[in-house]
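Enquirer: Let me see the structure of the following:
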Amino acid sequence: MLNKNVVTFIGCDCEYEDARIVLFGAPFDSTTSYRPGTRFASNAIRNESYGIETYSPYLDKDLEDYHYYFDSGDIELPMGSNEMALQSIYERTKTIIQDGKLPLMIGGEHLVTLGAFKAIFEQYPDVEIIHFDAHTDLRDDYLGVKLSHACVIRRCYELVGDHKIHQFGIRSGMREEFLFAKEHCDLHKFSFDGLEEVVESLKGKKIYFTIDLDVLDPSYFPGTGTPEYGGVTFKELQQAIHTVISQLDIVGMDMNELSPMLDASGASTALVCKLVRESLLELSKGEEENE
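Expert: Prediction:
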């Protein structure tokens with residue numbers, strides 16, 4: 001049983017017992033290798049969500065039409081221990097899925113995905129991953145550290161095995177990472193080309209969906225710790241999210257790598273608020289009949 005956060009993301013104010021989708025924050029950035037600040041993302045997203053509407057003109061749906069979004073707040077994470085932080089994220093995710101609800105985690109740096117995904121993998125051992133990112137995140141270690149945001153997808157690979165990780169938007173990484181991906185993953189450089197075909201092939205399977213927001217071009221999303229030019233547009237990302245969620249069986253999801261202080265205009269945070277709203281509404285597919 002989880003308690004409601006004092007300040008919730010807009011529209012996420014039902015009781016836990018009634019919830020079908022549970023939002024929570026993982027404010028952790030202890031392994032960030034360039035510019036830190038993602039630990040402040042989930043709180044900023046909650047506060048700034050009241051600058052947008054609950055209604056989506058893109059989907060013609062309104063968060064207020066549904067009464068099963070619950071915001072359980074941020075996990076209190078120890079900044080000095082990657083292992084303890086990941087364990088706390090694992091436990092929160094496990095509670096949510098054991099209660100028959102779908103977790104939507106807001107990071108935090110990308111390492112937080114590993115804690116959530118371990119819980120998902122235990123529940124659904126045949127799960128596959130769709131990964132949007134600018135970076136491969138397939139290093140075996142970063143400066144000798146295996147639990148790093150630069151290694152998170154490699155650690156996930158060690159759980160799921162060959163050809164179950166589908167990567168899009170990738171435009172940065174070591175040569176060795178691209179070679180590893182060529183042999184073991186399904187990596188699509190630079191864009192979402194091939195996404196429709198991959199989604200078609202994954203129908204009927206359980207999917208974990210992880211979005212590193214630096215998949216966006218910095219001209220759209222400057223508020224991130226490791227910006228990489230040559231990325232996708234907001235509309236391209238929004239459409240890709242729609243393609244994935246509307247057609248596949250998503251059993252867990254996260255968005256990460258917003259550093260709100262790196263964009264003093266607040267535009268990057270506002271962008272993420274819209275993507276969270278759209279994702280919540282997309283995850284509501286099929287629920288109209290249950291209302």
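
Enquirer: Distance of the residue nearest in space to the middle of the chain relative to Val152?
Expert: Centroid-nearest residue in the chain, with C-alpha atoms, centre = their mean: Asp254, separated by 2.0 Å. From Asp254 across to Val152, the span is 11 Å (C-beta to C-beta, to the nearest Å). Heads up, the C-betas are built off the backbone N, CA and C, glycines and all.

Enquirer: returning to that earlier point: isn't the residue nearest to the centre of the chain up against Leu102?
Expert: No. Assessed by C-beta atoms under 8 Å, Asp254 is found out of contact with Leu102, at 11.6 Å.

Enquirer: What are the buried residues along stretch 258-266?
Expert: 258-260, 262-263 (16 or more other C-beta atoms under 10 Å).

Enquirer: residues making contact with it?
Expert: The contact list for stretch 258-266, computed with C-beta atoms under 8 Å, 6 or more residues apart in numbering, reads 29, 35-38, 40-41, 44-45, 48, 107, 213, 221-225, 268-269, 272.

Enquirer: got it, and stretch 227-235?
Expert: Against stretch 227-235 from outside (C-beta under 8 Å, 6+ apart): 134-135, 169, 171-172, 190-192, 214-221, 240, 271.

Enquirer: Among those, name the buried ones.
Expert: The buried subset of the contacts of stretch 227-235 (16+ other C-beta under 10 Å) comprises 134-135, 169, 171-172, 191-192, 214-218, 220-221, 240, 271.

Enquirer: just curious, which of these is nearest to Leu59?
Expert: Using C-beta to C-beta, Ala240 is the member of the buried ones among the contacts of stretch 227-235 that sits closest to Leu59, with 14.7 Å.

Enquirer: Put the alpha carbons of the host helix or strand of that closest one into PDB.
Expert: In the assignment (DSSP states H and E), Ala240 maps to helix 234-247. The C-alpha trace of helix 234-247 is given here as PDB (Å, rounded to 0.1, in the frame of the first residue of the first chain):
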ATOM      1  CA  PHE A 234       9.300  16.700 -30.300                       C
ATOM      2  CA  LYS A 235       6.700  15.700 -32.800                       C
ATOM      3  CA  GLU A 236       8.800  12.700 -33.900                       C
ATOM      4  CA  LEU A 237       9.200  11.500 -30.400                       C
ATOM      5  CA  GLN A 238       5.600  12.100 -29.500                       C
ATOM      6  CA  GLN A 239       4.500  10.000 -32.600                       C
ATOM      7  CA  ALA A 240       7.000   7.300 -31.800                       C
ATOM      8  CA  ILE A 241       5.700   7.000 -28.200                       C
ATOM      9  CA  HIS A 242       2.200   6.800 -29.700                       C
ATOM     10  CA  THR A 243       3.300   4.000 -32.100                       C
ATOM     11  CA  VAL A 244       4.900   2.000 -29.200                       C
ATOM     12  CA  ILE A 245       2.200   2.300 -26.500                       C
ATOM     13  CA  SER A 246      -0.900   2.200 -28.700                       C
ATOM     14  CA  GLN A 247       0.100  -1.200 -30.300                       C
END
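
Enquirer: buried ones in that helix?
Expert: Buried residues in helix 234-247 (16+ other C-beta under 10 Å): 236-238, 240-245.

Enquirer: what residues are up against the closest residue to Ile245 other than its chain neighbours?
Expert: Leaving out its chain neighbours, the residue that sits closest to Ile245 by C-beta to C-beta, 6 or more residues apart in numbering is Glu282, at 3.9 Å. Neighbour list for Glu282: 59, 241-242, 245-246 [criterion: C-beta under 8 Å, 6+ apart].

Enquirer: and the gap between Glu282 and Leu275?
Expert: 10 Å.

Enquirer: so what sits against both of those two?
Expert: By C-beta under 8 Å, 6+ apart, the residues touching both Glu282 and Leu275 are Ile241.

Enquirer: still on that earlier bit, narrow the contacts of stretch 258-266 to just the buried residues.
Expert: Using 16+ other C-beta under 10 Å, the buried members of the contacts of stretch 258-266 are 29, 36-38, 40-41, 44-45, 48, 107, 213, 221-225, 268-269, 272.
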